[in-house]
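1. Please work out how this folds:
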Amino acid sequence: EKIKITKPEIEFWTKKELDYFLNEIKDNYLFKPVFIDVLTGLRIGELCGLRWKDVDFEKGIISINGQIVLDRTKKELLYTTILKTDTAFRKITIPKILIDYLKDLHDAINPLENDFIVKDRENKMCNPRNLSMNFTRTIQKYKKPINELKTVPDNYMQLKQITFHGLRHTHATLLIL
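-> All right, here's what the predicted structure looks like:
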């Protein structure tokens with residue numbers, strides 16, 4: 001007799017939930033990584049390792065060549081060209097809205113080619129774990145049912161808790177629709 005293994009349900013947001021959250025965080029440092037991730041489906045380490053030289057504005061393509069990882073021995077963040085799988089090295093076509101967003105961002109900050117696109121609040125290499133935890137913490141503000149709130153902000157929407165990796169699933173789900 002075989003024991004049935006139940007896989008955990010994949011968590012993702014609907015377009016309505018995603019739009020609501022992006023609107024709520026538009027002035028928060030999380031906007032950039034969340035916006036880029038839902039339009040590319042990158043793994044969090046790949047997102048943190050994305051550099052300006054990886055973006056081809058003319059062709060509308062980003063190249064995934066590396067990622068940020070934590071060296072547990074030295075306890076420091078490293079950029080590495082070792083990815084999860086061989087097929088993780090890829091080129092992704094990005095939509096015009098993301099091309100325009102990245103162009104505007106590039107023109108505003110005038111970065112070096114090797115600069116990372118996503119940085120932490122101190123403008124340094126972004127730790128994927130910290131980004132993930134900040135994302136999770138931010139969603140907490142939007143998890144409570146309306147009847148549990150003392151005051152209800154305009155247009156409040158209760159969001160389901162997803163992980164940063166859930167944005168990757170959200171991206172894939174939106175592509176299917």
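2. what packs against the biggest helix by length in the chain?
-> Looking across the chain with DSSP state H, the single longest helix is helix 96-109. Using 3 or more C-beta pairs under 8 Å, 6 or more residues apart in numbering; DSSP states H and E, the elements in contact with helix 96-109 are helix 31-40. Where you see a C-beta, it was placed from the backbone N, CA and C, and this is true even at glycine.
3. Taking helix 96-109 as reference, get the angle to the helix it packs on.
-> Relative orientation of helix 31-40 and helix 96-109, computed by axes from the mean of the first three to the mean of the last three C-alpha atoms, to 10 degrees: 150 degrees.
4. what's in contact with the next helix or strand along the chain from helix 31-40?
-> Next along the chain after helix 31-40, taking DSSP states H and E as the criterion, comes helix 44-48. Contact with helix 44-48 is made by 33, 36-37, 40, 64, 66-69, 83, 88, 116, 118, 125-128, 131-132, 164-165, as judged by C-beta atoms under 8 Å, 6 or more residues apart in numbering.
5. so which strand or helix has H169?
-> Residue-wise, H169 maps onto helix 165-176 under DSSP H and E.
6. okay, the angle between that helix and helix 31-40?
-> 40 degrees.
7. What average pLDDT does helix 165-176 get?
-> Averaged over helix 165-176, pLDDT sits at 94.
8. Give me the helices and strands touching that helix, please.
-> helix 15-24, helix 31-40.
9. Give the rounded mean pLDDT of the last one.
-> Helix 31-40 carries an average pLDDT of 98.
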